[in-house]
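*Asks:* with the input below, show me the fold.
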Amino acid sequence: MKGRAVRRPWEIGLFWLLVAAIALTTALVLSGSVRVYAGDVNGSSLFMLSSFLSSLAAVLGIAFTLTLIGLQLAAQSYTHRVIGLHTRSIAFVFTFAMLLLAMVFIALLMASYRHIRAAGHPWVDLAIVWFISALVLLVPFAVRTIRLLAPDNIAAALLARLGAKQLESGDTAAVHVRIGPVFDMARKAIVSRDERTLELLMAQVQCRVVTLLGDTALGPQGLAQLVRALGPEFRDLGWLASDRRDIGAVKQVVDCLRELVCQAGGRPDRRPFADELNAAIGDIWKEASARFSDSAYAARLADLEASMNSCRLEIANSLQLTANS
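*Replies:* As a prediction, the model looks like this:
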């Protein structure tokens, strides 16, 4: 299993670009450098503001409905920690804040309509800018909400919050909060025999762990904390897959472990991590050998044994190179 490179979702880049554009345009409008409104003609300002307000109310309803659907679907499949990814998302908070702020601001302008009819007043210009901004922000907000329904995107978002700082702090609970839900989803995938979802989740775990192993800020204490967090989780996954008679799932878990052992084995200072995960592979293999001893699984067990032998050879070569260096 080859880990996929971690790519920043395009909607996050678009979101921060829009935030910067909103801040810049707001500053330019307030300073008088940019004008987008020619002035009130026969009560056009009041009509325009009224249209803006009703449109924003409709957009707010769409955003709220989309959020409720996302939360409902997440609540049916995932834990409360995963649901929190929606409500604590900066895109979620800022988009709703922008919608509400624009609506309140436009309502105040309508209430003070007599004082804003002059063409030189900047407040209507600001209302136009904020109205357009609120509408455009709905694009990254909607894409982000939909993305967070996919298991691999959820895993990536959860694991992205795990860094060397949390590992070095020795806070086991904080580490488990970030790792535990991902392995919970993997266990559910094994139980439901969803090998594709398991493959995506293992790829995200592998990708994040490899990144952490390459982080120079991760010292011996953080490495030990990472081993204590991952070792039992991987063992439990492998044993669960064996218990469910799912050889494919066992192979995926072992493949992920093999890649991590080989990556860690390439550096002498990461050798304890490699040794611990290598021991986990041995424990999983023992359980798999006992569970699949029935003659009905002979062919697939032989396939698994061949995979395990290849795994052992690759790990041995990697660890031997590290020892020689």
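*Asks:* measure how far stretch 207-219 is from the centre of its chain, please.
*Replies:* Mean-position distance between stretch 207-219 and its chain equals 17 Å (CA atoms, centre = their mean, to the nearest Å).
*Asks:* contacts for it?
*Replies:* 3-6, 156, 159-160, 162-165, 167-168, 226, 230, 259-260, 263-264, 267, 270, 273 (CB atoms under 8 Å, 6 or more residues apart in numbering). Backbone N, C-alpha and C define where each C-beta goes, glycine included.
*Asks:* same thing with stretch 166-184?
*Replies:* With CB under 8 Å, 6+ apart, stretch 166-184 has contacts from 78-79, 81-82, 154-155, 158-159, 161-162, 201, 204-205, 212, 217-219, 221-223, 225-226, 228-230, 233, 236-237.
*Asks:* for the lengthiest helix in the chain, buried residues please.
*Replies:* For the chain, the longest helix by residue count, based on DSSP state H, is helix 44-77. Within helix 44-77, the residues scored as buried using 16 or more other CB atoms under 10 Å are 45-46, 48-49, 52-53, 56, 59-60, 63, 67, 70, 74.
*Asks:* and what of stretch 11-26?
*Replies:* E11, I12, L14, F15, L18, V19, I22, T25, T26.
*Asks:* surely the second one meets A91?
*Replies:* Going back to what we said before, that points to I12. Yes: using CB atoms under 8 Å, I12 is in contact with A91, at 7.4 Å.
*Asks:* any common contacting residues for those two?
*Replies:* P140, R144.
*Asks:* helices along the stretch 1-150 of the chain, start to end?
*Replies:* For the stretch 1-150 of the chain, helices defined by DSSP state H, counting those that start in this stretch occupy the ranges 10-31, 44-77, 80-87, 90-111, 123-147.
*Asks:* ok, of those helices, where does mean pLDDT dip lowest?
*Replies:* For the helices of the stretch 1-150 of the chain, mean pLDDT drops lowest on helix 80-87, to a mean of 65.
*Asks:* need the buried ones from the contacts of stretch 207-219 selected in ChimeraX.
*Replies:* Buried subset of those, written as a ChimeraX selection, criterion 16+ other CB under 10 Å:
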select :3,156,159,162,163,164,167,168,226,230,259,260,263,264,270,273
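*Asks:* show me how this protein divides into domains.
*Replies:* As recorded under automatic domain parsing, the domains making up the chain are 10-147, 151-324.
*Asks:* so of these, which one's packed in deepest?
*Replies:* Most buried of these by mean neighbour count (mean count of other CB atoms under 10 Å) is domain 151-324; its value is a mean of 18.
*Asks:* tell me which element C207 is part of?
*Replies:* helix 195-213 (DSSP states H and E).
*Asks:* orientation of the very next helix or strand once past that helix relative to helix 195-213 in degrees?
*Replies:* Sequence order places helix 220-243 as the next helix or strand after helix 195-213, per DSSP H and E. Here the directions of helix 220-243 and helix 195-213 differ by 170 degrees (axes from the mean of the first three to the mean of the last three CA atoms, to 10 degrees).
*Asks:* can you spell out which helices and strands pack onto helix 220-243?
*Replies:* helix 164-169, helix 172-191, helix 195-213, helix 247-265, helix 271-291 (3 or more CB pairs under 8 Å, 6 or more residues apart in numbering; DSSP states H and E).
*Asks:* now do the fourth one, average pLDDT.
*Replies:* Mean per-residue pLDDT for helix 247-265: 83.
*Asks:* show me what it is packed against.
*Replies:* With 3+ CB pairs under 8 Å, 6+ apart as the test, helix 247-265 has helix 195-213, helix 220-243, helix 271-291, helix 298-324 packed against it.
*Asks:* let's have these in CSV, adding mean pLDDT and distance to F96.
*Replies:* Listed next are the helices and strands packed on helix 247-265 as CSV, based on pLDDT from 0 to 100; distance: least, CB to CB, whole Å:
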stretch, mean pLDDT, distance to F96
helix 195-213, 89, 28
helix 220-243, 87, 34
helix 271-291, 81, 42
helix 298-324, 64, 48
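*Asks:* done for today, thanks.
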